[in-house]
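Undergrad: What follows is a protein structure lacking sequence information:
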């Protein structure tokens, strides 16, 4: 122990004496020594360590000289200087300025060190982070850090950054605002409404409203944001964001009227699609009925989804399910009929649609249906060797949901598709699902098939797992076997 202490003392004495840079800890540091210490940041390790020690005690003059020389200091020297700057930044603005510069550096390690120093500096560091929030290169990181370290302080800073050029298009600012509002100890709504009272640009308000989505305590404030920005919004991005937010906003006749106007007025299909979702979420889905005839398929599909179970549009949706030229629309329309027994025949017919996307949708609806309909068509799909994997997977789910014990032979065929050494991943996955289905059925034929598979050689690992892993209780057939 004595030897170790002696070595530490010797090392400290050496650092304090090297090149005459450092005197005693309490000694007054003269300007020449400070200037020399700044130069020694690029020297060998021992000299640089002594220089850092001296600069930490150099006060305002040291902070200013480091700032003045920063561009001429090597990257290694700049990294060494961070410790001294952190100490100096407690009292001296010049050190804060240099840490801000370091936080903008191209070198990741230097940036990390600078940001960590600013995080540790309390209120002075927060003001520096606020400066960095507007920087397009590192502002997102500064925003996230500020929102966590000083949420009450961060709210106004983040809102102002959103109001700057391109600030509304920065998702990280919205995420940081959400974090800050949730963590704030004070009344966040007061700060939010004070900013709105300044009448910021609609784009900034639309962006901020998205940051408040899902925050119940701020729902009324978010509603005010949307009511303010909606009639002022003239660009695509702002209007789209307001529609996204409107779906979660509180009651407002003004907002309802504006959303209705967006259902069919905009040229951009994405706005019409967002309006359909928003008007349905706001409890007025009947206003989306006309969108079933929209010229753009994605809008029609969204309208069909929004109107699921709507008696007033069932006939139109059933027509889309069978006749729309776009498979995405037919699939959405089929799914929208899942709770309407009167349209069951349309869903059954869609099992034989020309497109796999629609066939899979129809089988999924029938799987969840309490009616045992469509099995003959689904059985053919299950046996078809050239069927698309997603349709086969849906058919297997139907077998288990409806306890179709007469599917054992078809399931065995699915398993055999994984036998070739060049079987596709989709075939292997469906074979594993078929094995689990056989085990869930539990009929004599299914049990015999499973035992035959267990005794077979060269079974792929995926199938071995399906044969041996425990089945959940809800994975077992509960209905009377056929």
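TA: Cool, the structure landed. It should be emphasised that the depicted structure is a prediction, and the values quoted were computed from it without experimental measurement.
Undergrad: make it CA atoms for all contacts and neighbour counts henceforth
TA: Noted.
Undergrad: How about the contacts made by residue 148?
TA: Residue 148 sits next to 179, 180, 183 when contact means Cα atoms under 8 Å, 6 or more residues apart in numbering.
Undergrad: Kindly recompute the last result at 7 Å.
TA: Applying Cα atoms under 7 Å, 6 or more residues apart in numbering to residue 148 gives the contacts residue 180.
Undergrad: What segments of the stretch 1-150 of the chain are helices?
TA: Under the criterion DSSP state H, counting those that start in this stretch, helices of the stretch 1-150 of the chain are mapped to 2-17, 31-40, 45-56, 59-69, 75-88, 93-103, 108-120, 122-133, 139-149.
Undergrad: relative to helix 75-88, how tilted is the third one?
TA: Same thing as helix 45-56. Angle of helix 45-56 versus helix 75-88, following axes from the mean of the first three to the mean of the last three Cα atoms, to 10 degrees, is 30 degrees.
Undergrad: what number of residues lie near residue 284?
TA: 13 (other Cα atoms under 10 Å).
Undergrad: wait, I meant residue 426
TA: Around residue 426 there are 16 other residues, counting by other Cα under 10 Å.
Undergrad: does it sit in a helix or strand, and which one?
TA: Assigned by DSSP states H and E, residue 426 belongs to helix 425-441.
Undergrad: Would you mark the buried spots in that helix?
TA: Using 16 or more other Cα atoms under 10 Å as the test for burial, helix 425-441 gives 426-441.
Undergrad: would JSON lines of the helices of the stretch 1-150 of the chain with distance to residue 168 and mean pLDDT be doable?
TA: JSON lines is the format used below for the helices of the stretch 1-150 of the chain (distance: least, Cα to Cα, whole Å; pLDDT from 0 to 100):
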{"stretch": "helix 2-17", "distance to residue 168": "52", "mean pLDDT": "38"}
{"stretch": "helix 31-40", "distance to residue 168": "42", "mean pLDDT": "92"}
{"stretch": "helix 45-56", "distance to residue 168": "41", "mean pLDDT": "93"}
{"stretch": "helix 59-69", "distance to residue 168": "33", "mean pLDDT": "95"}
{"stretch": "helix 75-88", "distance to residue 168": "33", "mean pLDDT": "95"}
{"stretch": "helix 93-103", "distance to residue 168": "23", "mean pLDDT": "97"}
{"stretch": "helix 108-120", "distance to residue 168": "24", "mean pLDDT": "95"}
{"stretch": "helix 122-133", "distance to residue 168": "13", "mean pLDDT": "95"}
{"stretch": "helix 139-149", "distance to residue 168": "13", "mean pLDDT": "96"}
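Undergrad: Out of those helices, the one nearest residue 246 is which?
TA: With Cα to Cα as the measure, helix 139-149 is the member of the helices of the stretch 1-150 of the chain nearest residue 246 (24.8 Å).
Undergrad: what residues does stretch 231-248 touch?
TA: With Cα under 7 Å, 6+ apart as the test, stretch 231-248 has contacts from 202-203, 206-207, 209-210, 213, 226, 230, 271, 274-275, 278-279, 281-282.
Undergrad: again, but for stretch 265-284
TA: The contact list for stretch 265-284, computed with Cα under 7 Å, 6+ apart, reads 240, 243-244, 246-247, 259-260, 262-264, 285, 288, 296, 299, 302-303, 306.
Undergrad: Among those residues, which lie within strands?
TA: The members of the contacts of stretch 265-284 all map outside strands under DSSP state E.
Undergrad: sorry, back to before: need the helices of the stretch 1-150 of the chain in a markdown table with distance to residue 371, can you?
TA: Putting these into a markdown table (distance: least, Cα to Cα, whole Å) gives the following:
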| stretch | distance to residue 371 |
| --- | --- |
| helix 2-17 | 83 |
| helix 31-40 | 83 |
| helix 45-56 | 79 |
| helix 59-69 | 78 |
| helix 75-88 | 71 |
| helix 93-103 | 64 |
| helix 108-120 | 61 |
| helix 122-133 | 58 |
| helix 139-149 | 52 |
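Undergrad: With respect to residue 187, which of these lies nearest?
TA: Counting by Cα to Cα, residue 187 lies closest to helix 139-149 out of the helices of the stretch 1-150 of the chain; the figure is 15.0 Å.
Undergrad: and the angle from the next helix or strand after the closest one to helix 139-149?
TA: Note on helix 139-149: by DSSP H and E, the next helix or strand toward the C-terminus is helix 151-163. Going by the same axes, to 10 degrees, helix 151-163 is angled at 150 degrees with respect to helix 139-149.
Undergrad: Buried by neighbour count: which residues of the one helix or strand residue 272 maps to qualify?
TA: Assigned by DSSP H and E, residue 272 belongs to helix 269-281. Within helix 269-281, the residues that count as buried by 16+ other Cα under 10 Å are 269, 271, 272, 273, 274, 275, 276, 277, 278, 279, 280.
Undergrad: Verify the contact between residue 392 and residue 380 for me.
TA: No: assessed by Cα atoms under 7 Å, residue 392 is found out of contact with residue 380, at 10.2 Å.
Undergrad: who has more neighbours, these two?
TA: Neighbour totals were compared for residue 392 and residue 380, and residue 392 leads with 31 against 15 (other Cα under 10 Å).
Undergrad: Please name the residues that touch residue 92.
TA: Here residue 92 is in contact with 60, 63 (Cα under 7 Å, 6+ apart).
Undergrad: Many thanks, have a good one.
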